[in-house]
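>>> Return a 3D structure for these sequence lines:
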Amino acid sequence: MKKFLTPKKILLAFILCSGIYFIGIPLGFVPFWWIQPNYWEFRKLCKINDLPNSEEKYNKILGYFGLKLGDKYVFLKNTTYKNSIVLRAYTDLKDNNNEVFSMDNIANIEFSPSWIVYYPQIFGNEGNMDFRINWKTSVECRYFKRDLLFRSK
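Modelled structure (predicted):
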C-alpha cells in the first residue's frame, strides 16, 4: 500500500504555509485578520465606544489626540496610530461659548478608528465592463461589531 502523506510532503507543506504567513503578515496579505498584530490594537480601539460616558472614556479618546479633559477645545484632526490605523473623533459641544473640554460641555463624542489593510477588492460595472482592483481597503469598527458582540459574552 502506497503512503499518501510522507514526511517529505508534510515538511514541504509546512515550509510552504510558513513562507506564505511570514511573508504575508508584514505585507498584509494574510486572509486571517486575527493573526496580524494590528488586528488586536484595532479591536481594542473599537471597544472604547462601548464604554459608558465617563471621564475615563473621554480621557482615553482625547488622549489619542494629545488632549485631556480641561484642555482648550481644538478641532480634532485625523491622526495615524501604529502606521495603519487612522483615528477620527467627532465631538458635539453643548455650549459653544465655553471652549474647554469638560464633562458638562461634551454632549456626545464618537470615536471612529479605521484600519487600512492591503487586500484586493474588485469594483466595477458589468454594463461597460469596467473593472478595477483597489489594493488599499479600510476596515471600520462596524464590520467587527458582530464579532465583538459574540466574543465578549
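>>> Any idea how far stretch 131-148 is from the middle of the chain?
9 Å (CA atoms, centre = their mean, to the nearest Å).
>>> Helices of this structure, residue ranges please.
7-27, 37-46, 55-63, 141-152 (DSSP state H).
>>> Switch the ones you listed over to a markdown table; also include distance to Lys77 and mean pLDDT.
Any C-beta I mention is one placed from the backbone N, CA and C, and that applies to glycine too. Formatted as a markdown table, the helices of the chain follow (distance: least, CB to CB, whole Å; pLDDT from 0 to 100):
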| stretch | distance to Lys77 | mean pLDDT |
| --- | --- | --- |
| helix 7-27 | 28 | 78 |
| helix 37-46 | 17 | 83 |
| helix 55-63 | 13 | 88 |
| helix 141-152 | 19 | 60 |
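>>> Could I get the ones you listed in a markdown table, plus columns for mean neighbour count and distance to Pro113?
As requested, the helices of the chain are arranged in a markdown table below (neighbours: other CB atoms under 10 Å; distance: least, CB to CB, whole Å):
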| stretch | mean neighbour count | distance to Pro113 |
| --- | --- | --- |
| helix 7-27 | 11 | 20 |
| helix 37-46 | 16 | 4 |
| helix 55-63 | 16 | 10 |
| helix 141-152 | 12 | 6 |
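>>> can you redo those as TSV with distance to Ile133?
Below are the helices of the chain laid out as TSV (distance: least, CB to CB, whole Å):
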stretch	distance to Ile133
helix 7-27	16
helix 37-46	22
helix 55-63	35
helix 141-152	20
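>>> Relative to Ser84, which of these is closest?
Closest approach to Ser84 among those (CB to CB): helix 37-46, 5.4 Å.
>>> picking that back up, go through the helices of the chain and name the closest to Asn105.
Asn105 lies closest to helix 55-63 among these, at 10.4 Å (CB to CB).
>>> What is that closest one packed up against?
On a contact count with 3 or more CB pairs under 8 Å, 6 or more residues apart in numbering; DSSP states H and E, helix 55-63 meets strand 106-117.
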